[in-house]
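K.L.:
Compute the structure for the input listed below.
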Amino acid sequence: MTIRDVAQAAGVHVSTVSRAFSASHLVKRETLDRVLAVAAELGYQPNETARALTTGRTRNLGLIVSDIANPFYPPLIKAAQSYARVRGYQVFVADTDEDVRTEEELIRTLARQVDGVVLVSPRLANDVIARLGGDLPFVLVNRQVPGLSAVLMDVAHGAALAVEHLAELGHGHLALVAGPRGSWTSAQMRRAAGRAAADRGIRFDVVGPNAPTEHGGITATAAVLRTGATGVIAYNDLVAIGLIEGLHDRDVRVPRDLSVVGVDDTVAGRLNRPRLTTVAMPTAPAGRTAVDLLIQTVETADTRPSTAQTTLATSLVVRDSTATADPSAR
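P.N.:
As a prediction, this is how the structure comes out:
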């Protein structure tokens, strides 16, 4: 199949098909969708080598995450890869293992192989990210850096919903098990939950920073118990699950003695016992939106660099790990 076959079947000019694959922002959405659908139906594949020589673009994108073993990331990765393929791009996925040096090295390495990078929950300082973003199109997920495009999951709203839920259950003393240093999400949760607790006259403690893992939750257990809180909001589902495990080992029952709320709404949280009350994060939409923004940035980089920002809604999913506060417990 050739580009002329696609043009004839889609009822457009050859140049329109060419733009659909090389500069899609110049094609009306309805026309673009029709061309891509016809191309997929006919099995048409552009000659990437020839196109790269002509445009200077690889049609490859980088996607860097902080811990690929965290169940938060797979839905985001799969959605990003799937959407990128529809747009004629491939995605290289890399894992920083929560290490800032590795993160910077991966960005520099990928810069020689890709047209742009989606950086998810980065731990690097803002000035470093801004400097690296000056050399390569970037889209950040769950991080705000001036001058760079970002897709933000509204975890602040989610944290406030968690506080509201625990307050309605009668909990007058809450604790936040914070995430790692450098985490934008953890900082947003701390501010929003603290503000929501203060507005309701609820005592609020912060435990951390902590590793964003099950082990991080286990090791935070003793510090959480020392606060005397009856309701806890954890940085993510893994930390919440680890905390529940640590509480179980100390004969503290969830939710009878202590209510626990996670963040992410991962499969792990749904399979845990008790099933985890959690803030649902829109991970798959974030993956698709980030890739869409990155492609827009890549394809308009010579004329108007994108600094768009999109915020995606979060919601609270109430399950079995929260219950009415028992003043006599613990």
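
K.L.:
going on from the lowest-mean-pLDDT helix or strand in the chain, what's the next piece of helix or strand?
P.N.:
Of all helical and strand segments in the chain, the minimum by mean pLDDT, DSSP states H and E falls on helix 48-55, at a mean of 52. Remark: after helix 48-55, the chain's next helix or strand is strand 60-65, criterion DSSP states H and E.

K.L.:
and the angle for the next helix or strand after that following strand with strand 60-65?
P.N.:
Heading C-terminal from strand 60-65, the first helix or strand you meet, by DSSP H and E, is helix 73-86. In this structure, helix 73-86 runs at an angle of 170 degrees to strand 60-65, with axes from the mean of the first three to the mean of the last three C-alpha atoms, to 10 degrees as the basis.

K.L.:
what pairs with the helix or strand following helix 73-86, and is each one parallel or antiparallel?
P.N.:
The C-terminal neighbour of helix 73-86 among helices and strands, as given by DSSP H and E, is strand 90-95. Each strand that strand 90-95 pairs with, and the sense of that pairing, follows from DSSP bridges: strand 60-65 (parallel).

K.L.:
from the chain's centre, how far out does the strand it pairs with sit?
P.N.:
The gap between the average C-alpha position of strand 60-65 and the chain average comes to 13 Å, counting by C-alpha atoms, centre = their mean, to the nearest Å.

K.L.:
so for that strand, what's the average pLDDT?
P.N.:
Confidence for strand 60-65, expressed as mean pLDDT, is 96.

K.L.:
Flag the shaky bits of the stretch 1-150 of the chain, pLDDT-wise.
P.N.:
Counting by pLDDT under 70, the stretch 1-150 of the chain shows low-confidence ranges at 47-56.

K.L.:
let's see 50
P.N.:
Counting by pLDDT under 50, the low-confidence segments of the stretch 1-150 of the chain come to 53.

K.L.:
Specify the local secondary structure of Ser186.
P.N.:
The three-state label given to Ser186 by DSSP: H, G, I helix; E, B strand; the rest coil is helix.

K.L.:
isn't it right up against Ala234?
P.N.:
No: the criterion here is C-beta atoms under 8 Å, and Ser186 misses it with Ala234 at 10.6 Å. No exception for glycine: its C-beta is placed from N, CA and C like everyone else's.

K.L.:
the more surrounded of those two?
P.N.:
Between Ser186 and Ala234, counted using other C-beta atoms under 10 Å, Ala234 has the larger neighbour count: 36 against 25.

K.L.:
Relative to Thr31, how far out is that one?
P.N.:
Using C-beta to C-beta, to the nearest Å, one obtains 47 Å as the distance from Ala234 to Thr31.

K.L.:
What of Val261?
P.N.:
From Val261 over to Thr31 (counting by C-beta to C-beta), the distance is 46 Å.

K.L.:
Kindly report the same for Arg108.
P.N.:
Using C-beta to C-beta, which is the criterion applied here, Arg108 is 38 Å from Thr31.

K.L.:
same question, Gly116
P.N.:
Distance of Gly116 to Thr31, given as C-beta to C-beta: 24 Å.

K.L.:
These two: which has the busier surroundings?
P.N.:
The residue with the greater number of neighbours, taking Gly116 and Thr31 and applying other C-beta under 10 Å, is Gly116; the counts read 27 against 17.

K.L.:
contacting residues for the more buried one?
P.N.:
61-62, 136-139, 294-295, 297-298 (C-beta atoms under 8 Å, 6 or more residues apart in numbering).

K.L.:
For Val27, state which of those is nearest.
P.N.:
When the contacts of Gly116 are compared for distance to Val27 (C-beta to C-beta), Ile295 comes out closest, at 12.5 Å.

K.L.:
Doesn't Ala150 lie inside a helix?
P.N.:
No: when classified by three-state DSSP, Ala150 is found to be strand rather than part of a helix.

K.L.:
tell me the contacts of it?
P.N.:
When contacts are counted by C-beta under 8 Å, 6+ apart, Ala150 is found next to 139-141, 143-144, 308-310.

K.L.:
out of those residues, which are buried?
P.N.:
139-141, 143, 310 (16 or more other C-beta atoms under 10 Å).

K.L.:
If anything else comes up later, I'll come back, but that's it for now.
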